[in-house]
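A.B. asks: quick one, what's the 3D model for this:
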Amino acid sequence: LVENNGNSSNTLCLQGTIAFHYKGNTYQQLVDIYLPAGYPVRAPTCFVRLAPNMYLKEKHPHVGADGQVFLPYLHEWKPHSHTLVELVINMSSVFSADPPCFQRAPPPPIPPTPPPTYEAYTTTAATTTAAYTTTANVMVSADAEAILAREAEEANRAAEAARRADQEELEQEKQRKAQEEWDAKNLAATKEKLRRKVFVHLQEQSRETKSLLENDLQDQKRLEHSRLEKDIKLLQVTKKELEKQIGVVDQATSEIQEWLRDARSQAESQEQKSVDEMVTPVSPVHAQVLQLSVENHALTDAMYFLDNALHKKTIDVTTHLRQVRALSKKQFLSRAHLNKITQTLAG
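C.D. replies: Below you'll find the predicted structure:
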């Protein structure tokens with residue numbers, strides 16, 4: 001199939017005849033239906049095929065010069081509502097109103113020349129010349145009469161053909177007007193039917209949408225109500241927990257306040273003690289650990305201040321090294337002694 005844009009493709013072709021009625025007779029019209037790529041989304045392409053001695057009608061409203069069929073049914077093709085059966089019925093209706101092709105009339109037969117009369121051969125010898133002349137005149141007259149008769153017959157046939165053609169054109173014009181009126185009525189009825197269907201469909205859609213909205217609203221209300229109930233229960237549980245924690249905090253606060261009162265009363269009753277008196281080892285070993293720890297930290301502080309003095313150039317490098325060496329030796333011994341006592345206590 002070669003399309004109007006020049007593209008060609010291999011398609012399925014359905015060949016057959018479509019019956020249509022014209023002037024009380026039934027005729028069979030040869031038709032080719034091509035199913036292009038993309039069918040049924042794309043509309044099929046139809047062509048009228050001509051049989052021998054047939055010719056297309058010029059300026060047909062639904063058939064082109066190349067035989068392609070143009071119908072509103074094809075122009076408004078929809079894959080979900082249009083079918084090939086309805087397409088064939090539509091073409092049959094259109095061809096019945098206005099046939100797309102006609103048969104050529106056969107040429108009139110040429111009448112044979114009449115033979116010469118028998119009397120021309122039975123005359124006497126004396127009258128041969130006169131008889132021959134008479135016979136020739138009769139033959140010429142007969143030929144002239146035959147030619148005139150043939151021309152008159154041809155003229156009558158031509159007039160009859162012209163009269164029939166005029167009648168056919170009038171009939172076709174009447175059928176075309178009747179077809180247009182029928183199409184207009186059919187279109188109006190189809191529009192009204194479609195309008196009613198659309199109205200009914202919109203009403204049904206409106207009712208369904210309203211029902212869905214009401215159901216969704218009710219479901220949402222139920223969900224909101226259940227969510228609120230869960231939130232309220234959670235808040236109630238949280239409230240109980242907070243009240244319990246508040247009670248614990250109040251009890252702890254009262255215990256702290258009581259302890260503070262006891263501590264104040266004990267502080268007022270006892271004399272103020274120094275830090276050294278307050279830290280009392282429980283055994284001589286612990287007293288030795290405390291002494292070594294104090295000595296270790298004191299040596300660390302001393303070396304820190306020596307570094308600051310060197311940085312500020314208060315002392316020279318030699319003095320700094322000598323003092324740091326002596327302090328480091330003492331600190332090493334203190335730490336070693338402290339580690340040994342710690343291991344002994346841990347063992």
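
A.B. asks: so which residues of this protein form helices?
C.D. replies: Ranges of helices within the chain are 72-75, 84-97, 128-269, 275-278, 284-311, 317-346, based on DSSP state H.

A.B. asks: looking at those, which is buried most?
C.D. replies: Among those, the stretch with the highest mean neighbour count (mean count of other C-beta atoms under 10 Å) is helix 84-97, at a mean of 17. C-beta coordinates here come from the backbone N, C-alpha and C atoms, glycine included.

A.B. asks: nearest residue to residue 8 in space, please, no chain neighbours.
C.D. replies: Distances taken as C-beta to C-beta, 6 or more residues apart in numbering place residue 2 nearest to residue 8, at 4.7 Å, with adjacent residues excluded.

A.B. asks: quick check, pLDDT for that neighbour.
C.D. replies: Residue 2 is assigned a pLDDT of 74 by the prediction.

A.B. asks: I'd say it and residue 34 touch.
C.D. replies: No - Residue 2 is beyond contact range of residue 34, at 10.3 Å (criterion: C-beta atoms under 8 Å).

A.B. asks: where in this structure is pLDDT low?
C.D. replies: Applying pLDDT under 70 to the chain picks out residues 105-145, 148-149, 151-152, 155-156, 159, 269-279, 347.

A.B. asks: show me what contacts residue 170?
C.D. replies: Residues near residue 170 by C-beta atoms under 8 Å, 6 or more residues apart in numbering: none.

A.B. asks: how close does it get to residue 104?
C.D. replies: The gap separating residue 170 from residue 104 is 21 Å, by C-beta to C-beta, to the nearest Å.

A.B. asks: now do the contacts for the residue most central in space within the chain.
C.D. replies: For the chain, the residue nearest the mean C-alpha position is residue 41 (14.8 Å; C-alpha atoms, centre = their mean). With contacts taken as C-beta under 8 Å, 6+ apart, residue 41 has the following neighbours: residue 79.

A.B. asks: could you tell me the phi and psi values at it?
C.D. replies: Main-chain torsions, residue 41, degrees, to the nearest 10: phi -70, psi -40.

A.B. asks: could you measure from it over to residue 87?
C.D. replies: Using C-beta to C-beta, residue 41 is found at 15 Å from residue 87.

A.B. asks: also residue 328?
C.D. replies: 112 Å.

A.B. asks: mind checking how far residue 58 is from residue 169?
C.D. replies: The value you get for residue 58 to residue 169, if C-beta to C-beta is used, is 11 Å.

A.B. asks: same deal with residue 1?
C.D. replies: When distance is defined by C-beta to C-beta, residue 1 is 34 Å away from residue 169.

A.B. asks: please apply the same query to residue 251.
C.D. replies: From residue 251 to residue 169 the distance is 118 Å (C-beta to C-beta).

A.B. asks: can you check residue 207 too?
C.D. replies: Remark: distance between residue 207 and residue 169 (C-beta to C-beta) = 56 Å.

A.B. asks: residue 87 too?
C.D. replies: For residue 87, the distance to residue 169 - C-beta to C-beta - is 28 Å.

A.B. asks: next: residue 316.
C.D. replies: For residue 316, the distance to residue 169 - C-beta to C-beta - is 139 Å.

A.B. asks: same check on residue 247?
C.D. replies: Counting by C-beta to C-beta, the gap from residue 247 to residue 169 is 112 Å.

A.B. asks: what's the answer for residue 150, then?
C.D. replies: Separation of residue 150 from residue 169 (C-beta to C-beta): 28 Å.

A.B. asks: same question, residue 5
C.D. replies: Distance of residue 5 to residue 169, computed by C-beta to C-beta: 36 Å.

A.B. asks: next: residue 280.
C.D. replies: Going from residue 280 to residue 169 by C-beta to C-beta gives 141 Å.

A.B. asks: and if you look at residue 321?
C.D. replies: The value you get for residue 321 to residue 169, if C-beta to C-beta is used, is 137 Å.
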